[in-house]
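In: what follows is a predicted protein model with its sequence.
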Protein chains: 2
Amino acid sequence: MAENKGSERRELSPTIKTLAAHTGYSIATISKALRGSPVVAQPTRDAIVAAARELGYQANARGMALRTGKTYRAAVLMPITSAVGYEWDGVEYTQILSGVSQALEDSDYQLSVHGFRSFGDAFEIARRIVDQSAADGLIFSDVLADDPRIDMLVESGFPFVSLGRCRKPLVYAHVDVDNEWAAFTATARLIAGGHERIALINADRRLSYALDRIDGFSRAFREAGLAASMDLVADGDLSTRFGRDSALRLLGLPNPPTALVCINESTTLGVLSALGSLERRVGVDVDVIAYDDINVSAYFTPPITTFYQPIELLGRKLGEFLLRRMAGEDPAELALVSRPELIGRQPDNLGGNRR
Amino acid sequence: MAENKGSERRELSPTIKTLAAHTGYSIATISKALRGSPVVAQPTRDAIVAAARELGYQANARGMALRTGKTYRAAVLMPITSAVGYEWDGVEYTQILSGVSQALEDSDYQLSVHGFRSFGDAFEIARRIVDQSAADGLIFSDVLADDPRIDMLVESGFPFVSLGRCRKPLVYAHVDVDNEWAAFTATARLIAGGHERIALINADRRLSYALDRIDGFSRAFREAGLAASMDLVADGDLSTRFGRDSALRLLGLPNPPTALVCINESTTLGVLSALGSLERRVGVDVDVIAYDDINVSAYFTPPITTFYQPIELLGRKLGEFLLRRMAGEDPAELALVSRPELIGRQPDNLGGNRR
DNA sequence: CTATCAGATAAAAACGTTTTTATTCCGATT
DNA sequence: AATCGGAATAAAAACGTTTTTATCTGATAG
């Protein structure tokens, strides 16, 4: 009977008490030794560490969490859409999560994912995480020009890193792509190729990066001394359907574009689909430059010129910055704005047989 | 000074003790009242619930976790690849996570994501989750024909749901697609269209569903009284590059395929890219049938025939099943094998101008 | 009129840590 | 020889719950 109980005991994972009984030290000493406190003598520490290893001791996360108030979680806000036909939507999140996951790999933090359906939803979830301290840090993207999450988080001092920047002059950790520059460069390349009617398939104008891209788009025209074709800026969701519908509409205009700049690969695929239906050929009848979110543009037929965004790397940076921020580092030190690499796969100019 | 302390107090979120002081009941009664224990008198319960609402009381998850041993987390194992050029890899995980997230929305469970790099890695992570009870339940995909995770989890009684089935006759909760049937149907359709040399762009043969597809592929030939073109089965990862390389190789054979069945949209895009390079046209020179993982096949040029897998719905089922399993439901009751819907976008037969 | 019982609530213990405070021991200083 | 100081460790408290056990109050049965 007693033996039975003893062997049952054995099954349960060892706690700090087991270790105390086993080594003869008190639980306080055990805890300090394992946490690396300098007050415990070296031989003692060695003995305790050895015993911990021998018994396969693993600190109970729940006990630690209760005592320290930490959760050892990093939360990521992920957009979800259940609408049929929008399956590509948010596809790049696999990459982001993968990057963040890698960054957290060697830390004590686990990744928790919270789906949101709307901007308002995202704010509520962020607030709940802060209020209930459901996580020790937060990562999110889809930053609005005036994003209430950033105000709230900065004010509360809660550690976070955003993928994207809002338009307020606040100090916070962030990772971003230089969207203004990229849109400028893409547009300028097309203008240099002889295009004057250029369409921009853009995201929702509430999003900070959508505005950045409009800025770059306009600047390219301005610096070339041309009037920007603002009537050819379409904004909507990032779906393939939106890309297709926009291209069909724009190319049907009386004064249609001769080139298109696309927000991401999902919309690009839609645009290419539209061009196929209209029997127009990329590189011959019309030029397309796109952002590369999952790096498949090289396989489009024909391959098209893109800005390569190393999104998984950005994800890794997000994770790394969050770890450092949670460790108390100054957010002013934690900023990265990367310039995507232009990969020219087409000449993107008006060839001899056009116009 | 005392006033200051009082106002500080106010900031802290109320605990069960605050509620006790506020209502005059003991913490035990508070806890029971809020958990719905029948021993507490109705008026008492009402008063306590009212006070909880008034003070905005939210049970502290860490306290609950420590006491109950539960974590209120559902873990998902997600494959990650950091190799450049494999960015589409695992793209459907956005859909799965989105579905699971939706299923957990109204529960007390949070979603935690664990990236793995290899099958061995996935097993180790699963084991750690069980050993340290880092979660209350587990979801994973990429099931192997002989998957050690399933053996381990079944033996330990840990709640889990797999996306896919292994080939052992074990009882466990799962969601799957009828891959044998789908491969059979695709192949039979092509055979009916006059094809005899059919390629199968397949996944790693250790994966259970890769075997299922080979089974269905072979059966279609067998039932048509033909010899299966087993020499045209390619297996590899699910990348676009693999699709492209395989198609180039197969179509360069002395006795090349006249049709291809593709494992997913990523490989399909690669196959289409290869066909473009070779100047062969889908529906004219060669036919392609594919699995639809993110529903963009309709936008390929030309659109191709696919099996539509409602993957987000499967994700939702995974979440729902896990909740029920964690609530103690019999795993034998928790099984779903869905037949994907064939969406014919091409005739998929040998037209007059071929052969 | 007392013992019993049930119903309601309170008290206490427990979950596994970390952190603050207390104790012990020993060598050095007065 | 008594005291001090510091190093090492132990003890105790605390984090916020849930659950087991105890107490109290009336009512009912003997």
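Out: Yep, it's here.

In: checking residue A:71 next. Helix, strand or coil?
Out: Following DSSP: H, G, I helix; E, B strand; the rest coil, we place residue A:71 in the coil state.

In: ok, it to residue B:110 distance?
Out: Applying CB to CB, to the nearest Å, the value for residue A:71 to residue B:110 is 10 Å. All C-beta atoms are positioned from the backbone trio N, CA, C, and that covers glycine.

In: go on, residue A:225?
Out: Residue A:225 is 55 Å from residue B:110, by CB to CB.

In: quick one: which of these two has more around it?
Out: Using other CB atoms under 10 Å in any protein chain shown, the more surrounded residue of residue A:225 and residue B:110 is residue B:110, with 23 against 7.

In: need phi/psi at that one.
Out: phi -110, psi 160 (degrees, to the nearest 10).

In: for it, give me its contacts.
Out: A:112, A:114, A:134, B:72-74, B:104 (CB atoms under 8 Å, 6 or more residues apart in numbering or on different chains).

In: hmm, try it at 7 Å
Out: Residue B:110 makes contact with A:112, B:72-73, according to CB atoms under 7 Å, 6 or more residues apart in numbering or on different chains.

In: what comes up buried for stretch A:172-181?
Out: A:172-181 (16 or more other CB atoms under 10 Å in any protein chain shown).

In: that older thread, turn the contacts of residue B:110 into TSV, including distance to residue B:350.
Out: Output for the contacts of residue B:110, formatted as TSV (distance: CB to CB, whole Å):
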residue	distance to residue B:350
A:112	52
B:72	57
B:73	54
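
In: between those residues, which is nearest DNA strand C?
Out: residue B:72 (14.6 Å; CB to the nearest atom of the strand).

In: how far off centre is the helix or strand harbouring residue A:62?
Out: Assigned by DSSP states H and E, residue A:62 falls within helix A:61-68. Relative to its chain's centre, helix A:61-68 lies at 29 Å (CA atoms, centre = their mean, to the nearest Å).

In: please name every helix or strand in contact with it.
Out: On a contact count with 3 or more CB pairs under 7 Å, 6 or more residues apart in numbering or on different chains; DSSP states H and E, helix A:61-68 meets helix B:61-68.

In: residues contacting the helix it packs on, please?
Out: Contacts of helix B:61-68 (CB under 7 Å, 6+ apart): A:62-63, A:65-66, A:134, B:71-72.

In: SS state for the closest residue to residue A:340 other than its chain neighbours?
Out: For residue A:340, ignoring the flanking residues on the chain, the nearest one in space by CB to CB, 6 or more residues apart in numbering or on different chains is residue A:307 at 3.8 Å. For residue A:307, the assignment made with three-state DSSP gives strand.

In: how many residues are close by residue A:307?
Out: By the criterion of other CB under 10 Å, residue A:307 has 24 neighbours.

In: what's the burial count for the residue in the stretch 151-300 of chain A that DNA strand C sits nearest to?
Out: Residue nearest to DNA strand C within the stretch 151-300 of chain A: residue A:159 (17.4 Å; CB to the nearest atom of the strand). Around residue A:159 there are 25 other residues, counting by other CB under 10 Å.

In: after the one helix or strand residue A:94 maps to, which helix or strand is next?
Out: Using DSSP H and E, residue A:94 falls within helix A:93-104. Reading on from helix A:93-104 to the C-terminus, the next helix or strand found by DSSP H and E is strand A:110-116.

In: give me the sheet partners of that next one and which way each runs.
Out: Strand A:110-116 pairs in its sheet with strand A:73-79 (parallel), strand B:110-116 (antiparallel), by DSSP bridges.

In: the residue in the stretch 201-350 of chain A positioned nearest to DNA strand D: what's it in contact with?
Out: When scored by CB to the nearest atom of the strand, the stretch 201-350 of chain A has residue A:326 as its residue closest to DNA strand D, at 20.0 Å. Residues in contact with residue A:326 (CB under 7 Å, 6+ apart) are A:136-137, A:159.

In: which one of those is nearest to residue A:345?
Out: Nearest to residue A:345, judged by CB to CB, of the contacts of residue A:326 is residue A:137 at 38.8 Å.

In: need the residues of the stretch 1-150 of chain A near chain B, please.
Out: Those residues of the stretch 1-150 of chain A that sit near chain B, judged by CB under 7 Å from any CB of the partner chain, are A:58, A:61-63, A:65-66, A:78, A:80, A:82, A:85, A:87-88, A:90-91, A:93-95, A:97-98, A:101-102, A:110-113, A:115, A:132, A:134.

In: those, buried ones only, as a ChimeraX selection?
Out: Buried members of the residues of the stretch 1-150 of chain A next to chain B, defined by 16+ other CB under 10 Å, are picked up in ChimeraX with:
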select /A:61,62,65,66,78,80,82,87,88,90,91,93,94,95,97,98,101,102,110,111,112,113,115,134
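
In: what subset of the residues of the stretch 1-150 of chain A next to chain B is also close to DNA strand C?
Out: A:58, A:62-63, A:66 (CB under 7 Å from any atom of the strand).

In: what is the least confident helix or strand in chain A?
Out: Every helix and strand of chain A was ranked by mean pLDDT, DSSP states H and E. The lowest is helix A:2-11, at a mean of 40.

In: buried set for the next helix-or-strand element following that one?
Out: Per DSSP H and E, the first helix or strand lying C-terminal to helix A:2-11 is helix A:16-23. Neighbour counts over helix A:16-23 (16+ other CB under 10 Å) mark A:16, A:18-20, A:22-23 as buried.

In: out of those residues, which touch DNA strand C?
Out: residue A:16.

In: show me which of the buried residues of helix A:16-23 is closest to DNA strand C.
Out: residue A:16 (3.1 Å).
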